[in-house]
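Asker: need a structure here:
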Amino acid sequence: MLHRVDRVLAWGLLVLGVMQWASTPVFFPVLQEPAFWWFNGGTTLLFTGIFHLLRIHHGHALPLLRTVALGVTILQDVFWAAMVVGLWEKFARLPGTFTAPVFLLALTATTLARPAKRSTLPS
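Answerer: Numbering: from 1, shown residues only. Here you go, the predicted structure:
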């Protein structure tokens, strides 16, 4: 069950990243600095999802993937926590803005809850 939740969260982040990319011209019809930051946020979510999918599927062969994926996600947890605190009025007004931080926190929890697998490959 936890493995399935883990996969859904990783794919969810990847999809959120692609959706953020695709929504850039909708929210920012003029190509200015905010559009680039928005697009970059989508890139960050996309790559976090990719790191976790790699961890889920290949972490047994390369345990460092778990460390990297977890580290990236924890850094994003801290970033989003700071952003929620700093921009609380916006987050309170637009509940959908909690989607990415909730996915990230849940992914951190599932990663920590699943024990690291030992490599079965010969050294």
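Asker: Would you check that residue 12 makes contact with residue 52?
Answerer: No - using C-beta atoms under 8 Å as the test, residue 12 is too far from residue 52 to be in contact (10.0 Å). The way it works is simple: take the backbone N, C-alpha and C, and place the C-beta from them, glycine included.
Asker: between the two, who's got more neighbours?
Answerer: residue 52 (30 against 19; other C-beta atoms under 10 Å).
Asker: Give me the pLDDT for that one.
Answerer: pLDDT, residue 52: 94.
Asker: And the helix or strand where it lies, what does it pack against?
Answerer: Assigned by DSSP states H and E, residue 52 belongs to helix 33-58. Here helix 33-58 touches helix 2-27, helix 64-86, helix 99-113, going by 3 or more C-beta pairs under 8 Å, 6 or more residues apart in numbering; DSSP states H and E.
Asker: quick one, what contacts residue 17?
Answerer: For residue 17, the contacting residues are 42, 43, 44, 45, 46, 47, 48, 49, by C-beta atoms under 8 Å, 6 or more residues apart in numbering.
Asker: now with 7 Å?
Answerer: Applying C-beta atoms under 7 Å, 6 or more residues apart in numbering, we find residue 17 in contact with 42, 43, 45, 46, 49.
Asker: what's the closest of those to residue 28?
Answerer: Residue 28 has its nearest neighbour among the contacts of residue 17 in residue 42, at 11.8 Å by C-beta to C-beta.
Asker: Look at the closest one and say how many residues are nearby.
Answerer: Neighbours of residue 42 (other C-beta under 10 Å): 19.
Asker: Test my guess that it contacts residue 22.
Answerer: No - the criterion here is C-beta atoms under 7 Å, and residue 42 misses it with residue 22 at 8.2 Å.
Asker: quick revisit: make a markdown table out of the helices and strands packed on helix 33-58 and add distance to residue 34.
Answerer: As requested, the helices and strands packed on helix 33-58 are exported to a markdown table (distance: least, C-beta to C-beta, whole Å):
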| stretch | distance to residue 34 |
| --- | --- |
| helix 2-27 | 8 |
| helix 64-86 | 15 |
| helix 99-113 | 17 |
